[in-house]
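Asker: show me how the following folds:
(chains A and B)
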Protein chains: 2
Amino acid sequence: MSLEKRSVFVVSDRTGLTAEELARSLLTQFPQVHFVTTVLPFVDSDDKLKDVLRQINEGGEENGSRPIVFVTFVNADYRKQIDQANALVVDVFSSFMGLLSRELNLIPSWQAGYSHGVTDQLRYNSRIDAVHFAMDCDDGVNPDAYDQADLILVGVSRSGKTPTCVYLAMHFGLYCANYPLTDDDFLDDGLPPVLIPYRDRLFGLTIDPQRLHEIREKRRPDSPYAKLAQCQLEIRRAEGMYRHHSIPMSDTSGISVEEIAATVLQRSGIHRELLG
Amino acid sequence: MSLEKRSVFVVSDRTGLTAEELARSLLTQFPQVHFVTTVLPFVDSDDKLKDVLRQINEGGEENGSRPIVFVTFVNADYRKQIDQANALVVDVFSSFMGLLSRELNLIPSWQAGYSHGVTDQLRYNSRIDAVHFAMDCDDGVNPDAYDQADLILVGVSRSGKTPTCVYLAMHFGLYCANYPLTDDDFLDDGLPPVLIPYRDRLFGLTIDPQRLHEIREKRRPDSPYAKLAQCQLEIRRAEGMYRHHSIPMSDTSGISVEEIAATVLQRSGIHRELLG
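Answerer: As a prediction, the model looks like this:
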């Protein structure tokens, strides 16, 4: 059976990222439809808006059913104009803004750039500095900087440490280092000496050995490093270490970076605040 | 004048990231209010929900005005129960889902894990691989891998290359390398030899010299590297190179990583599709 096809447009006078993400969340709940999505950000002039309206109307004619358009316009006039398109227009901001406006008894400022703009230079710097910190402290490098770390992720090679660190830095401004557990770290029951002073900032990642084996095979086929037995051994020892030292841990098998990051934040009790 | 205080809760049976981002976008339009936000993800049992309801009701009592609660529950029963809270409940999914359901003439599947879950192992792997690629090809390292790059960002030190690369990898699965322009690259009008074969994948970042000076001063105070004259010289030469070789470019001064990434995608004509 071929899926029904439907054009989707995400239109914004800013980055369109909020609308794109919400659209994705909503549309994945209709797996029977094949959505063909076009994102049109930075629509901030009458000419650009005219061109967008033309694209939307043509998109409908092509597919035989009217497009679905997700909109986040700060500009009130553009919000009105896009409503004239031959489409289902989902105005992401307006519906909620009315609700919030009544609740707070305040008029929204409708200012561009508050979301995904640099409203606060300090916050902006802290994200950028955090990303650089994650890069500089990736894979056990630069342990002298652990003093500054909010969190040190530990785990065997390819258990998900690097993407999680980078995500936590980028979106929450956390200073996050990561330390790879290797055979040398499993010689006795102790923590790797370099981690001992930072015991309360450690978070352990683990992964299903079969899944780890597949990931490593792709990276270095037929290597001792990728063998299932080696993966099983490393994971058993890593989990043993976490338990022995009461390090909180999380299994990264089959879950996304977003889910790992949200889990790490929750279990480590770090205050969560999305930046950017 | 002290700001009015208002409790905000973001509640989800998944990561809560979609709701947290939308809440932030909406609430920043009311700068007169100091919102105190608590994010409660992974609320996936009756006991957890009961605890959440207790927190919400207490949050209202503390502040004298009822809390605002942003909700993305897949579980229909939880959506109903949270409506009983003494709060303004903003059900992010429901309002739009009804609209979409009628338009598509389909019932939403209400399945958890479609958004920010691993629905598609291939896509998931491509994001993770892309992040590792960005780490491995940061700061001019590993030019042998440029063959695989979708995009190579060029720019002087601290013009925003690294965070942009990592963002494009994490959220769009792009293979993005970055190459730092240094004095050696400005000896003549030519492109750095290592970049010549990849001319059509280059994207130049530039930044206001004064802003660059401030960023570098913070990093290496009173160094020749951070001097304003040095920053002015490097930026003039970098922009000259972009123009001379028709490399698309973007100014990163005072804009967020999200804005830089969205701009790079738009100007380089790469198809934009949010993953994860």
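Asker: just for the stretch 151-276 of chain A, where's the confidence low?
Answerer: A:276 (pLDDT under 70).
Asker: what ranges does it have for its helices?
Answerer: Using DSSP state H, counting those that start in this stretch, the helices found in the stretch 151-276 of chain A span residues A:161-172, A:209-219, A:228-244, A:257-268.
Asker: for those helices, give me a markdown table that also has distance to residue B:35 and mean neighbour count.
Answerer: (C-beta placed from N, C-alpha, C; glycine too.) Formatted as a markdown table, those follow (distance: least, CB to CB, whole Å; neighbours: other CB atoms under 10 Å in any protein chain shown):
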| stretch | distance to residue B:35 | mean neighbour count |
| --- | --- | --- |
| helix A:161-172 | 17 | 26 |
| helix A:209-219 | 40 | 17 |
| helix A:228-244 | 36 | 17 |
| helix A:257-268 | 19 | 22 |
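Asker: now those helices as CSV including distance to residue B:233?
Answerer: Formatted as CSV, these follow (distance: least, CB to CB, whole Å):
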stretch, distance to residue B:233
helix A:161-172, 31
helix A:209-219, 42
helix A:228-244, 50
helix A:257-268, 40
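Asker: so what's residue A:90 closest to, chain neighbours aside?
Answerer: If you skip the residues right next to it in sequence, residue A:90 has residue A:70 as its closest partner in space, 4.9 Å away by CB to CB, 6 or more residues apart in numbering or on different chains.
Asker: picking up where we left off before, and the helices of the stretch 151-276 of chain A: which comes nearest residue A:51?
Answerer: If you check each of these against residue A:51 by CB to CB, helix A:161-172 wins as the nearest, at 32.0 Å.
Asker: please parse chain A into its domains.
Answerer: Listed by automatic domain parsing, the domain ranges of chain A are A:4-104, A:121-268.
Asker: nearest to residue B:245, out of these?
Answerer: domain A:4-104 (24.6 Å).
Asker: what average pLDDT does the closest one get?
Answerer: Taken as a whole, domain A:4-104 has an average pLDDT of 93.
Asker: what about it, start to end distance?
Answerer: Start-to-end span of domain A:4-104 (CA to CA, to the nearest Å) is 42 Å.
Asker: how distant is that domain from the center of its chain?
Answerer: The gap between where domain A:4-104 is centred and where its chain is centred comes out at 22 Å by CA atoms, centre = their mean, to the nearest Å.
Asker: can you give me the neighbour number for residue A:69?
Answerer: 28 (other CB atoms under 10 Å in any protein chain shown).
Asker: I meant to write residue A:48 there.
Answerer: Using other CB under 10 Å, residue A:48 has 15 neighbouring residues.
Asker: OK, contacts around residue A:204?
Answerer: Residue A:204 makes contact with A:153, A:154, A:155, A:238, A:239, A:241, A:242, A:247, A:248, A:249, A:250 under the criterion CB atoms under 8 Å, 6 or more residues apart in numbering or on different chains.
Asker: residues in contact with the nearest residue to the last one once chain neighbours are set aside?
Answerer: Setting aside the residues directly before and after it, residue A:250 is nearest to residue A:263 in space (CB to CB, 6+ apart), at 4.9 Å. Residue A:263 is in contact with A:250, A:255, B:42, counting by CB under 8 Å, 6+ apart.
Asker: any idea how far residue A:263 is from residue B:41?
Answerer: Distance, residue A:263 to residue B:41, using CB to CB, to the nearest Å: 8 Å.
Asker: helix, strand or coil for the closest residue to residue A:29 other than its chain neighbours?
Answerer: In this structure, residue A:29 finds its nearest non-sequential neighbour in residue B:108, 3.9 Å apart by CB to CB, 6+ apart. Of the three states, residue B:108 takes coil according to DSSP: H, G, I helix; E, B strand; the rest coil.
Asker: and residue B:108, how many residues sit next to it?
Answerer: So residue B:108, with other CB under 10 Å, has 20 neighbours.
Asker: that one reaches residue A:30, doesn't it?
Answerer: Yes. Using CB atoms under 8 Å, residue B:108 makes contact with residue A:30 at a distance of 6.2 Å.
Asker: for the residue of chain A most remote from its centre, what are its contacts?
Answerer: Largest separation from the mean C-alpha position in chain A: residue A:188, at 36.3 Å (CA atoms, centre = their mean). Residue A:188 makes no contacts at all, as judged by CB under 8 Å, 6+ apart.
Asker: roughly how far apart are residue A:129 and residue B:155?
Answerer: Using CB to CB, residue A:129 is found at 18 Å from residue B:155.
Asker: between those two, which is the more surrounded one?
Answerer: residue B:155 (27 against 18).
Asker: can you tell me the SS state at residue A:5?
Answerer: Quick answer, by three-state DSSP: residue A:5 is strand.
Asker: surely it touches residue A:60?
Answerer: No. Look at residue A:5 against residue A:60 with CB under 8 Å: they stay out of range, at 11.7 Å.
Asker: those two: who's more crowded?
Answerer: Neighbours per residue (other CB under 10 Å) separate residue A:5 from residue A:60, with residue A:60 holding more: 20 against 13.
Asker: and the more buried one, what element?
Answerer: Assigned by DSSP states H and E, residue A:60 belongs to helix A:46-63.
Asker: who's in contact with that helix?
Answerer: By CB under 8 Å, 6+ apart, the list of residues contacting helix A:46-63 reads A:5-7, A:9, A:11, A:36, A:38, A:40, A:42-43, A:66-67, A:69, A:78, A:81-82, A:84-87.
Asker: among those, which ones are in helices?
Answerer: Those of those mapping onto helices are A:78, A:81, A:82, per DSSP state H.
Asker: count of residues packed around the closest residue to the second one other than its chain neighbours?
Answerer: Computed as CB to CB, 6+ apart, the closest residue to residue A:81 that is not its neighbour in sequence is residue A:49, at 6.1 Å. Residue A:49 is flanked by 20 other residues according to other CB under 10 Å.
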